[in-house]
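**Student:** with the input below, show me the fold.
(one chain, ligands or ions: 2)
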Amino acid sequence: RNIQSHNLKTLIEDQLEYFIPLANKKRVEIVCNIENYAYDIDKDDFIRVINNLVSNALKYNKVNGKIYLSLKDNILKVEDTGIGIKKEKLDDIFKRYYRATNEQGGFGLGLNIVNDICKEYNIKIDVSSIYQKSTTFQLKF
Ligand code: ATP
Ligand code: MG
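**Tutor:** Ligands and ions are numbered 1, 2, ... in the order given. Predicted structure coming up:
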């Protein structure tokens, strides 16, 4: 690990370069409201977190859906207008290999990795969802 101060806004925007063409392909709009925020973290760890959350928000979204990405007052939010997660499954999604749906491919690893990284840095992660409507991940730094 190489923990250094990084402007999270810059790291997020760098990753979005890669996601925008994929989002366009699925006709998903990414709406950003990101403030500058300096945080001590290993760059690759933060990139893993953002990539997993945004790739899920895209993968589990609907055509013509939206992703709202915001960073404000030490809180990062990734919200999507996708398929949502049933309430009774919300506690399980951070478990290794757990998948709430098989409609899309995947290994059930992404959120487990995100969860481990958040623990490492004492970042509080919360999820809320309305089934078939929306999902929001919130990270408090
Ligand atoms: P991968 O290892 O490729 O990330 P995955 O996306 O299936 O595979 P996770 O990212 O760990 O695995 O997510 C676990 C499960 O949680 C998913 O299979 C999906 O059912 C559910 N999930 C995660 N993010 C969302 C989301 N934004 N909207 C709806 N369901 C989600
Ligand atoms: Mg995933």
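
**Student:** identify the residues contacting residue 135.
**Tutor:** Residues in contact with residue 135 (Cβ atoms under 8 Å, 6 or more residues apart in numbering) are 57, 60, 79, 80, 82, 84, 85, 127, 128, 129. All C-beta atoms are positioned from the backbone trio N, CA, C, and that covers glycine.

**Student:** now do the phi/psi pair for the second one.
**Tutor:** The reference is to residue 60. Phi and psi for residue 60, reported as degrees, to the nearest 10, are phi -100, psi 20.

**Student:** how about the helices in this structure?
**Tutor:** 8-25, 43-59, 110-120 (DSSP state H).

**Student:** for the first one, packing partners?
**Tutor:** Looking back up the chat, that one is helix 8-25. In terms of contacts (3 or more Cβ pairs under 8 Å, 6 or more residues apart in numbering; DSSP states H and E), helix 8-25 is packed against strand 29-34, strand 38-42, helix 43-59, strand 66-72.

**Student:** ok and the first one relative to helix 43-59, angle-wise?
**Tutor:** This points to strand 29-34. Using axes from the mean of the first three to the mean of the last three Cα atoms, to 10 degrees, the direction of strand 29-34 lies 140 degrees away from that of helix 43-59.

**Student:** residues contacting strand 29-34, please?
**Tutor:** Identification of contacts with strand 29-34 by Cβ under 8 Å, 6+ apart yields 8-9, 12-13, 16, 19-20, 23, 54, 65-72.
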